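*Asks:* Okay, here's the prediction I keep looking at, along with the sequence it came from:
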Amino acid sequence: MKDSELDALISLLGDPDPEIFAEVRSKLISLGTSILERLEKHWELSDDPEMHYRIEGVIKEIHLDHVCMLLEQWAKGGCQNLLEGVLICARYQFPNLDEQRVRRYIEHIQKDAWLEVNPSLTAMEVVKTLNKIIYRIHGFHPNTKDYGHWHNNMINEVLETKAGNSLLLGVIYLIVAESLNLPIRGVNLPEHFVLAYLDDSSLGRLFGSSSQPRIFFYINPYNGGSIFSRREIEAFLTRLGLAKKDEYFYPCSNRTIVERLLNNLMIYFQHSEQKLKYEEVKRLKQCLQGAGS
């Protein structure tokens, strides 16, 4: 579509006829992210509050469609890259997210870990070294004052403030561990995301195998990387009145981690009575689930 044709179409967003507006809005949304710059220009040139509102609505819908598409592509690609998955989720709240800044800082942490972790270390020594780098040197710590806030589920925000919930602190830990080919995986424990340090020889038994991988110990990313045992998970589940399901003890997939992130957002927006945001995140979750069905 030529710029002149697009400009004419955008100008029709101000039409008072509801049917014309709905048709124009639908057409513009179908054109996708390629028209965002033009929409923003029209917003700047207009001094009509109603036109501003309508343009903002179209921009928001295009952005939501784009994030949905990215989640679908990530899922269809096998959810291999956890960092990519959480970055896509961050784009929902931060359309102009500086991804390269996030990646550079993650690479900085990974490099620090690479310089100190070596094959001669025991599993305990590896975790002790990672804990020193992540929690002492880089200063990551739990957000105990506002645990449920949506900011704690955005990787860019957690990297900026160094504070997060168990999920995002665990995600950072996992991404660093993965870069070193360490057998550390996430465990989708209710109310508290944790990590498991696996026996290398059992990695092939993940996801879909009839036998479970052997776990040396668990790691609590919300408590400075402290180490604990299966017995403590069992006691935790007993306090919650929950059954001791395998999924609470064994590694989960990257897709499950991202679904949990979206669930966290839905819970926050529901409790804060932000119904529109709740429905938007619900749609993102459906896009992710639909792509894997």
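*Replies:* Structure's in. What do you need?

*Asks:* Check which residues of stretch 86-96 are buried.
*Replies:* The neighbour-count check on stretch 86-96 (16 or more other Cβ atoms under 10 Å) flags 86, 87, 88, 89, 90, 91, 92, 93 as buried. Yep, even glycine has a C-beta here, placed from its N, CA and C like the rest.

*Asks:* between these, which is closest to residue 181?
*Replies:* residue 86 (20.1 Å; Cβ to Cβ).

*Asks:* Secondary structure of the closest one: a helix, I assume?
*Replies:* Yes. Note on residue 86: a helix contains this position according to DSSP: H, G, I helix; E, B strand; the rest coil.

*Asks:* quick one: contacts for the residue lying closest to it once chain neighbours are set aside?
*Replies:* Spatial nearest neighbour of residue 86, chain neighbours left out: residue 155 (4.7 Å); criterion: Cβ to Cβ, 6 or more residues apart in numbering. Residues counted as contacts of residue 155 (Cβ atoms under 8 Å, 6 or more residues apart in numbering) are 83, 86, 87, 90, 102, 168, 171, 172.

*Asks:* could those residues go into JSON lines alongside secondary structure and distance to residue 291?
*Replies:* Below are these laid out as JSON lines (DSSP: H, G, I helix; E, B strand; the rest coil; distance: Cβ to Cβ, whole Å):
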{"residue": "83", "secondary structure": "helix", "distance to residue 291": "18"}
{"residue": "86", "secondary structure": "helix", "distance to residue 291": "16"}
{"residue": "87", "secondary structure": "helix", "distance to residue 291": "17"}
{"residue": "90", "secondary structure": "helix", "distance to residue 291": "19"}
{"residue": "102", "secondary structure": "helix", "distance to residue 291": "23"}
{"residue": "168", "secondary structure": "helix", "distance to residue 291": "23"}
{"residue": "171", "secondary structure": "helix", "distance to residue 291": "20"}
{"residue": "172", "secondary structure": "helix", "distance to residue 291": "25"}
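
*Asks:* Now render these as a markdown table, adding pLDDT and distance to residue 147.
*Replies:* Formatted as a markdown table, the contacts of residue 155 follow (pLDDT from 0 to 100; distance: Cβ to Cβ, whole Å):
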| residue | pLDDT | distance to residue 147 |
| --- | --- | --- |
| 83 | 98 | 23 |
| 86 | 98 | 18 |
| 87 | 98 | 22 |
| 90 | 97 | 18 |
| 102 | 97 | 22 |
| 168 | 98 | 11 |
| 171 | 98 | 15 |
| 172 | 98 | 16 |
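
*Asks:* Format the buried residues of stretch 86-96 as CSV; extra columns: distance to residue 117.
*Replies:* Formatted as CSV, these follow (distance: Cβ to Cβ, whole Å):
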residue, distance to residue 117
86, 23
87, 24
88, 28
89, 28
90, 27
91, 31
92, 33
93, 33
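
*Asks:* check which helix or strand covers the spatially closest residue to residue 25 that is not a sequence neighbour.
*Replies:* Distance criterion Cβ to Cβ, 6+ apart; nearest residue to residue 25, sequence neighbours excluded, is residue 58 at 5.9 Å. Element membership of residue 58 [criterion: DSSP states H and E] is helix 49-76.

*Asks:* do residue 167 as well
*Replies:* helix 166-179.

*Asks:* which residues are in contact with that helix?
*Replies:* 82-83, 86, 106, 109-110, 113-114, 130, 133-134, 140, 142, 152-155, 158-159, 164, 184-186, 192-195, 219-222, 225, 257, 260-261, 264.
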